[in-house]
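# I would like the atomic coordinates for the input below:
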Amino acid sequence: MSKIKKALRGLVAPLAAVGLVAGLSVAAAEPASASTIKDGWVQLCPWGNYKVHLEYAGEDNTFRQLGPVLNPGADCWWGPIPSGSKPGLIAVVGHYNTSSGTFNVIGPSREYLWFYNGKDGVGIAAEGTTANHGLSSYYYTY
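Residues are numbered from 1 along each chain as shown. Coordinates of the predicted model:
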């Protein structure tokens with residue numbers, strides 16, 4: 001059984017209950033299943049060896065930081081994406097361990113993830129390392 005399936009088993013109800021109590025910054029050691037992420041919300045889990053944060057580009061195509069910078073192994077963060085009913089782009093941004101520089105973490109849709117607010121919620125797990133100028137990092141969605 002895959003790592004994600006094992007992690008998701010039995011988490012749907014507890015994470016939903018925590019989400020109702022904690023509001024915007026729900027902390028969970030494991031990711032929520034896609035069905036528990038509210039429409040218009042995103043979850044980020046920092047499972048690589050680097051700090052990570054999300055950036056969001058709305059209608060003006062300017063990227064803005066969304067949520068906090070998460071340390072490696074920290075609890076997952078989730079919150080709403082401020083796009084109204086319009087689609088937008090999400091970038092997963094990694095931070096090098098040996099400098100103040102950043103890099104784009106590459107995922108299934110390359111550097112950016114299209115997000116259709118009001119129609120879905122998305123979970124993002126950032127994994128890998130900063131080796132090879134950040135090219136050994138990646139993210140996947142759930």
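
# The helix or strand residue 123 falls within pairs with which strands, and in what direction?
Here residue 123, judged by DSSP states H and E, is contained in strand 122-128. Counting by DSSP bridges, the strands paired with strand 122-128 are strand 41-46 (parallel), strand 137-141 (antiparallel).

# Can you check the pLDDT for the residue nearest the centre of the chain?
Compute the mean C-alpha point of the chain, and by Cα atoms, centre = their mean the closest residue is residue 44, 2.4 Å away. pLDDT for residue 44: 97.

# mind giving me CSV with the strands paired with strand 122-128 and columns for distance to residue 101?
The C-beta positions use only the backbone N, C-alpha and C, and glycine is treated the same way. Putting these into CSV (distance: least, Cβ to Cβ, whole Å) gives the following:
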stretch, distance to residue 101
strand 41-46, 17
strand 137-141, 13
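
# Check these for me and report the most buried one.
Per-stretch averages of neighbours, counted by mean count of other Cβ atoms under 10 Å, single out strand 41-46 among these, with a mean of 24.

# The residue nearest to the centre of the chain touches residue 79, doesn't it?
No: Residue 44 lies out of contact with residue 79 (Cβ atoms under 8 Å); the separation is 9.0 Å.

# shared neighbours of those two, anything?
Common contacts of residue 44 and residue 79, defined by Cβ atoms under 8 Å, 6 or more residues apart in numbering, comprise residue 67.

# Which stretches in the chain count as strands?
Counting by DSSP state E, the segments of the chain that form strands are 41-46, 51-57, 63-70, 77-80, 87-95, 102-104, 112-116, 122-128, 137-141.

# Can you say which of these is packed in most?
A comparison of the strands of the chain by mean neighbour count, using mean count of other Cβ under 10 Å, puts strand 41-46 on top with a mean of 24.

# which residues sit against that strand?
Applying Cβ under 8 Å, 6+ apart, the contact partners of strand 41-46 are 26, 30-32, 37, 52-54, 66-67, 70-74, 76-81, 90, 92, 115, 121-126.

# ok now that strand, how far from the chain's centre?
Mean C-alpha position of strand 41-46 versus that of the full chain (Cα atoms, centre = their mean, to the nearest Å) differs by 3 Å.

# now that strand against strand 51-57, angle please.
If you take axes from the mean of the first three to the mean of the last three Cα atoms, to 10 degrees, strand 41-46 sits at 150 degrees to strand 51-57.
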